[in-house]
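Asks: I would like to see how this sequence folds:
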Amino acid sequence: MARHSLIELEAVLAIVRCGSFRAAALELGMSTTAISSAVAKLERELAVRLFNRTTRSVSLTYAGRIFVAQIKPALENIQKAMNTARSQQETPSGTLRINTFATAAREIMAPLVLNYLQRYPQVHIDIVTEGRLVDVVAAGFDLAVRSADLVPSDAIAIPLGQMRRMAVVASPAFFQNQAVPQVPQDLLNHPCVRARLPDGTLLRWRFEKGGEQLQLDVDGPITLDEASLSRIAVTSGLGIGYFMEMDVREDIAAGRLVRILEDWTPPLVPLCLYYYNRRNSSAAFQAFIALARDYAAGRLAQPELLSR
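Replies: Numbering: from 1, shown residues only. Prediction:
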């Protein structure tokens, strides 16, 4: 009788969950070749094909659907048993998977994530950044960070509380030959660095003051989909940029960028860390939640340089 490893069974479920071998390999931290080999080995031993494969898609065969329906509850029970065992550990260890968008990841990296890793060096944190909202549980994540208005109503949320704002900036050299905009509409007369959102649409610059709200479709010589690239373009004098304040705060303080229209950029909705209730959560998970609550309450000092 053949003995199948958990990784082969987990590979099958990951492919079903993610919709492709490549995405499943990324989720499991394997190469695409390794996950393909694991599935092929399992199919040989079962003498049945589990997946229909084409160059564009992958889907379960009839036998595959029956197989997944039977192994999924069993693997979930195994995972619960392993989590129960881990929850008895005094020292947090293992892996925590966090889903968030890139800006939020930058906001929590130093004050929360690095603080946590400094305290619990036996834990590995796997952060996945993406613009789209995902089903945290179905995608295999332990935690997620989103704006408070995007947190599912059935999730447990910890408001992180730090004030977030947008900042409109340009290089000092840019304004040597350009009039400084006094109201948002003035931006339409200046070249701007445009941003493309993960869904492919262009970011509209939002402003608010005294109850008046505006959204502008600015124009300019370049469109980018990554904040660090936009920052390079703006600091080089290519045009005016629209950033999360935290991404350009140091540049403003150092004089590399000049901030404008500050009174038109009020505070944004705060971030929240959210998760779903677990009966047997790991020590690593519990420790992260406790640290997040300390962070939200302003009780965390900035971490020193890690020496892992």
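Asks: what's the pLDDT at the spatially most central residue of the chain?
Replies: With distances taken as CA atoms, centre = their mean, the residue of the chain nearest its centroid is residue 100 (2.3 Å). For residue 100, the pLDDT comes out at 92.
Asks: I'd like the numbering to begin with 44 instead of 1 from here.
Replies: In the new numbering, first residue 44, that becomes residue 143.
Asks: what's the helix or strand for the closest residue to it other than its chain neighbours?
Replies: Of all residues beyond its chain neighbours, the one nearest residue 143 is residue 188 (3.9 Å), with distances taken as CB to CB, 6 or more residues apart in numbering. All C-beta spots, glycine's among them, are computed from the backbone N, C-alpha and C. Using DSSP states H and E, residue 188 falls within strand 186-190.
Asks: tell me the mean pLDDT for that strand?
Replies: 92.
Asks: and the residue nearest to residue 143, bridged to which residues?
Replies: Note on residue 188: beta-bridge partners by DSSP bridges are residue 143, residue 316.
Asks: which ones are touching it?
Replies: Counting by CB atoms under 8 Å, 6 or more residues apart in numbering, residue 188 touches 141, 142, 143, 144, 147, 148, 151, 203, 314, 315, 316, 317.
Asks: Tell me how far the last one lies from residue 197.
Replies: Residue 317 sits 10 Å away from residue 197 when distances are taken as CB to CB, to the nearest Å.
Asks: Neighbour count for those two, which is higher?
Replies: Between residue 317 and residue 197, residue 317 has the larger neighbour count (other CB atoms under 10 Å), namely 20 against 8.
Asks: of the contacts of residue 188, closest to residue 94?
Replies: Proximity of the contacts of residue 188 to residue 94 (CB to CB) peaks at residue 142, which lies at 25.8 Å.
Asks: From residue 198, how far out is the closest one?
Replies: Residue 142 is 12 Å from residue 198, by CB to CB.
Asks: Find the residues that touch each one of those two.
Replies: Here residue 142 and residue 198 share the contacting residues residue 179, scored by CB under 8 Å, 6+ apart.
Asks: In terms of neighbours, single out the busier of these two.
Replies: Per other CB under 10 Å, whichever of residue 142 and residue 198 has more neighbours is residue 142, with 24 against 17.
Asks: OK, contacts around the residue nearest to the centre of the chain?
Replies: Listed by CB under 8 Å, 6+ apart, the contact partners of residue 143 are 151, 170, 171, 172, 187, 188, 189.
Asks: swap in residue 320?
Replies: Residue 320 neighbours (CB under 8 Å, 6+ apart): residue 199.
Asks: try 6 Å
Replies: Under the criterion of CB atoms under 6 Å, 6 or more residues apart in numbering, residue 320 has no contact partners.
Asks: same deal with residue 230?
Replies: So residue 230 contacts 224, 261 (CB under 6 Å, 6+ apart).
Asks: part of a helix, is it?
Replies: Yes. Under DSSP: H, G, I helix; E, B strand; the rest coil, residue 230 falls within a helix.
Asks: Please report how far residue 265 lies from residue 222.
Replies: 22 Å.
Asks: Any chance you could list what contacts the strand or helix carrying residue 65?
Replies: Following DSSP H and E, one finds residue 65 within helix 64-71. Contact partners of helix 64-71, identified using CB under 6 Å, 6+ apart, comprise 57, 58, 61, 74, 75, 78, 79.
Asks: helix or strand right after the helix or strand harbouring residue 273?
Replies: Assessed by DSSP H and E, residue 273 sits inside helix 270-278. Downstream of helix 270-278, the next assigned helix or strand under DSSP H and E is strand 284-287.
Asks: same for the helix or strand just after that next one, what does it pack against?
Replies: The element immediately downstream of strand 284-287 (helix or strand, assigned by DSSP H and E) is helix 288-297. On a contact count with 3 or more CB pairs under 6 Å, 6 or more residues apart in numbering; DSSP states H and E, helix 288-297 meets strand 209-213.
Asks: pLDDT of the next helix or strand after the strand it packs on, averaged?
Replies: Moving toward the C-terminus from strand 209-213, the next helix or strand (DSSP H and E) is strand 236-238. The average pLDDT within strand 236-238 is 96.
Asks: Do you have the strands of this structure handy? List them.
Replies: Per DSSP state E, the chain carries strands over the ranges 94-96, 101-103, 137-143, 166-172, 186-190, 199-202, 209-213, 236-238, 248-252, 255-259, 265-267, 284-287, 301-303, 314-318.
Asks: can you put those in TSV and add distance to residue 293?
Replies: Listed next are the strands of the chain as TSV, based on distance: least, CB to CB, whole Å:
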stretch	distance to residue 293
strand 94-96	49
strand 101-103	45
strand 137-143	22
strand 166-172	21
strand 186-190	22
strand 199-202	25
strand 209-213	12
strand 236-238	18
strand 248-252	22
strand 255-259	26
strand 265-267	20
strand 284-287	12
strand 301-303	12
strand 314-318	20
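Asks: closest to residue 118 out of those?
Replies: strand 101-103 (15.7 Å).
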